[in-house]
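Participant: A structural model of the following input is requested.
(chains A and B)
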2 protein chains.
Amino acid sequence: MTINKNTRFLIIGLGLLGGSYAGGLTGKGYYVEAITKEEKDAEYALEHKLVQKAATTIDETMIKSADVIIFTLYPGTFVQWIEENGRLIKPGTIVTDVTGVKGCIVEKIQKLLPPMVEFISAHPMAGKESSGITNSDERIFYGMNYLVVPTDRNTDEGIEACKRIGEILGFGKISEISPETHDKMIGFVSQLTHCIAVALMNCYEHASLERYTADSFRDLTRIAKINEKMWSELFLDNKEALLEEMELFQSQLEKMHTYLKNEDRQGLMDMMITSTERRRLFDK
Amino acid sequence: MTINKNTRFLIIGLGLLGGSYAGGLTGKGYYVEAITKEEKDAEYALEHKLVQKAATTIDETMIKSADVIIFTLYPGTFVQWIEENGRLIKPGTIVTDVTGVKGCIVEKIQKLLPPMVEFISAHPMAGKESSGITNSDERIFYGMNYLVVPTDRNTDEGIEACKRIGEILGFGKISEISPETHDKMIGFVSQLTHCIAVALMNCYEHASLERYTADSFRDLTRIAKINEKMWSELFLDNKEALLEEMELFQSQLEKMHTYLKNEDRQGLMDMMITSTERRRLFDK
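Facilitator: This is a model prediction of the structure:
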């Protein structure tokens, strides 16, 4: 299956990401339908011309006529949906997703789907502190990272189709990564950073703290405004990897604590020199 | 002493902050001179019209004719300068600074200065990842926090003069805070956040990490590019307070680690709800 202007997209779930995918694809001239739970989200999508059609029940015609189905549900809901309705998807359909963890999802979904339906997983690394379709905006994808997460069950064709969706949506860097590497990496660069921000904001109740803050604290805690239902599920789904990354970070922080306690200025400076060199690579 | 258009300012040290102070005051029509160590920094300040006069040795005439002297040196160098040259400062002069720690500085400087010279400490909470006068820019102060840190040796007049400098430079919020509260607060909102960024960047060598990062990681580690000489000195000068803040943060992170390990989803969600509520106050 090659994606072209006749490709029919179906999006399952109209939240922040579902709405942004819909807006991005429709904006580029593609035909997009959606199934979502809440009537108000379906209405919003239609009113704002994010989709051509929207349903709030399992619409078999929609499912059967789709060439590409994009799931933008929480991990648990996604698996449940496939268990209940996966059999309705017609052979030849490409199924993809936006799920933030992969190990617990990818092989399970691949096994659940009917034969000849290819699930190729993706992780669009973009988001917002606010959720829901009313906050959706396809511009959150521009220039960001888009990860394609194949297994040995995937075809070159499926992988290409998945990458093409990332290109259409305007992502900057499109990379392939295995489910295991994905989960370890995401545990570090995304989940651990969210843990840090949450832990920091839990330190003090001090309501007037904001009077004294510098930019550094503001930047570091921006992501402390967090959707607790989604993130607690993502954390638990990536438990082992995240625990390991937390421990690695704690050991580095403990090292700084020891240097400071022992007044080992050189030890502190060496860590700072390392961090400066490594962080500089990001700005290239 | 009231600051008016006849007030003569002397800045000691032309780095990022010294240069930005000079540019800000000169830009508002004030008379500014400077003493700094390096010839090239003095030349830069003169060429860019940041100051009217600049010297690279202890110029007694400059010191004696100043109404306000602003020190923008590292804490240790500042104390040493006052020990060696403090006696040259004429009675009635207001002395202020930009030092990032206060407990180890304020009373010491107040005791070292001649009688009738008032030291009123300040902390402009603004900066950049890059240092030196060539990076100076008075716009870094606009809308930022400016802290005045008096002790019971300070006069209302001195405190007012110090606040006036913050106003002239365009700071947004100007607050008074005691040296002890300052150091505890700064240990948390500034030094601890820098520790976290440095520790994070020390976790992995992985040079291609930047291909996968989301904004959250980028924001969180921006301050990992750090001037190791200055920050190691600031950390050591605020050792006890910073150690305590590190321990408090570690205990919160450990709490999350335990919740995750025990798959206590409610515990994780409660911490996320708290962090979301508290962080929201910052955006008001």
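
Participant: Point to the residue nearest the middle of chain A.
Facilitator: For chain A, the residue nearest the mean C-alpha position is residue A:100 (4.1 Å; CA atoms, centre = their mean).

Participant: three-state assignment of that residue?
Facilitator: coil (DSSP: H, G, I helix; E, B strand; the rest coil).

Participant: Over to residue A:9?
Facilitator: Going by three-state DSSP: residue A:9 is strand.

Participant: Now the residue lying closest to it once chain neighbours are set aside: which helix or strand?
Facilitator: In this structure, residue A:9 finds its nearest non-sequential neighbour in residue A:32, 4.6 Å apart by CB to CB, 6 or more residues apart in numbering or on different chains. For the C-beta atoms, the positions are set from N, CA and C on the backbone; glycine is no exception. Using DSSP states H and E, the element containing residue A:32 is strand A:31-35.

Participant: Give me the contact list for the helix or strand just after that strand.
Facilitator: Going down the chain from strand A:31-35, the next helix or strand is helix A:39-47, by DSSP H and E. Outside helix A:39-47, the residues within contact range by CB atoms under 8 Å, 6 or more residues apart in numbering or on different chains are A:14-15, A:19, A:22, A:34, A:36, A:50-51, A:53-56, A:132-134.

Participant: so where do the strands sit in the stretch 51-200 of chain A?
Facilitator: According to DSSP state E, counting those that start in this stretch, the stretch 51-200 of chain A carries its strands in the segments A:53-55, A:68-71, A:94-97, A:118-119, A:121-125, A:145-149, A:173-176.

Participant: What does the pLDDT read for residue A:214?
Facilitator: Residue A:214 is assigned a pLDDT of 66 by the prediction.

Participant: What of residue A:62?
Facilitator: At residue A:62, pLDDT is 97.

Participant: could you list every residue that touches it?
Facilitator: By CB under 8 Å, 6+ apart, the contact set of residue A:62 is A:10, A:33, A:35, A:53, A:55.

Participant: Let's have the residues you listed in a markdown table, adding neighbour count, distance to chain B and pLDDT.
Facilitator: Conversion of the contacts of residue A:62 to a markdown table gives the following (neighbours: other CB atoms under 10 Å in any protein chain shown; distance: CB to the nearest CB, whole Å; pLDDT from 0 to 100):
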| residue | neighbour count | distance to chain B | pLDDT |
| --- | --- | --- | --- |
| A:10 | 26 | 27 | 98 |
| A:33 | 22 | 29 | 98 |
| A:35 | 25 | 27 | 98 |
| A:53 | 16 | 32 | 98 |
| A:55 | 16 | 31 | 98 |
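
Participant: Among the residues you listed, which one sits closest to residue B:283?
Facilitator: For those, the minimum distance to residue B:283 (CB to CB) is 34.0 Å, reached by residue A:35.

Participant: what's near enough to touch that closest one?
Facilitator: Taking CB under 8 Å, 6+ apart, we find residue A:35 in contact with A:10, A:11, A:12, A:13, A:54, A:55, A:56, A:57, A:58, A:59, A:62, A:63.

Participant: at 10 Å what do you get?
Facilitator: Residues near residue A:35 by CB atoms under 10 Å, 6 or more residues apart in numbering or on different chains: A:10-14, A:18, A:42, A:51, A:53-59, A:62-63, A:66, A:69, A:81, A:85.

Participant: What of residue A:246?
Facilitator: Going by CB under 10 Å, 6+ apart, residue A:246 touches A:187-188, A:191-192, A:195-196, A:199, B:253-254, B:256-257, B:260-261.

Participant: Just the buried ones among these, please.
Facilitator: Using 16 or more other CB atoms under 10 Å in any protein chain shown as the burial test, the contacts of residue A:246 include A:187, A:188, A:191, A:192, A:195, A:196, A:199, B:253, B:256, B:257, B:260 as buried.

Participant: could I get the strands of the stretch 51-200 of chain A as JSON lines with distance to residue B:278?
Facilitator: What follows is the strands of the stretch 51-200 of chain A, written out as JSON lines (distance: least, CB to CB, whole Å):
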{"stretch": "strand A:53-55", "distance to residue B:278": "37"}
{"stretch": "strand A:68-71", "distance to residue B:278": "33"}
{"stretch": "strand A:94-97", "distance to residue B:278": "32"}
{"stretch": "strand A:118-119", "distance to residue B:278": "40"}
{"stretch": "strand A:121-125", "distance to residue B:278": "26"}
{"stretch": "strand A:145-149", "distance to residue B:278": "29"}
{"stretch": "strand A:173-176", "distance to residue B:278": "34"}
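
Participant: Can you name the residues of the stretch 1-150 of chain A that neighbour chain B?
Facilitator: Residues of the stretch 1-150 of chain A lying near chain B by CB under 10 Å from any CB of the partner chain: A:123, A:124, A:125, A:126, A:127, A:128, A:129, A:140, A:144, A:145, A:147.

Participant: Just the CA coordinates for stretch A:225-233, please, in CSV.
Facilitator: Extracted C-alpha coordinates of stretch A:225-233, given in CSV (Å, rounded to 0.1, in the frame of the first residue of the first chain):
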residue,chain,number,x,y,z
LYS,A,225,1.5,20.3,34.5
ILE,A,226,0.7,16.8,33.5
ASN,A,227,-2.2,14.6,32.6
GLU,A,228,-2.1,12.2,35.5
LYS,A,229,-4.3,9.5,34.0
MET,A,230,-2.3,9.2,30.8
TRP,A,231,1.2,9.6,32.4
SER,A,232,0.6,7.2,35.3
GLU,A,233,-0.5,4.6,32.7
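
Participant: what's the closest residue to residue A:140 other than its chain neighbours sitting at in phi/psi?
Facilitator: Once flanking residues are discounted, residue A:140 sits nearest to residue A:126: 4.7 Å by CB to CB, 6+ apart. Dihedral pair for residue A:126: phi -150, psi 150, per degrees, to the nearest 10.
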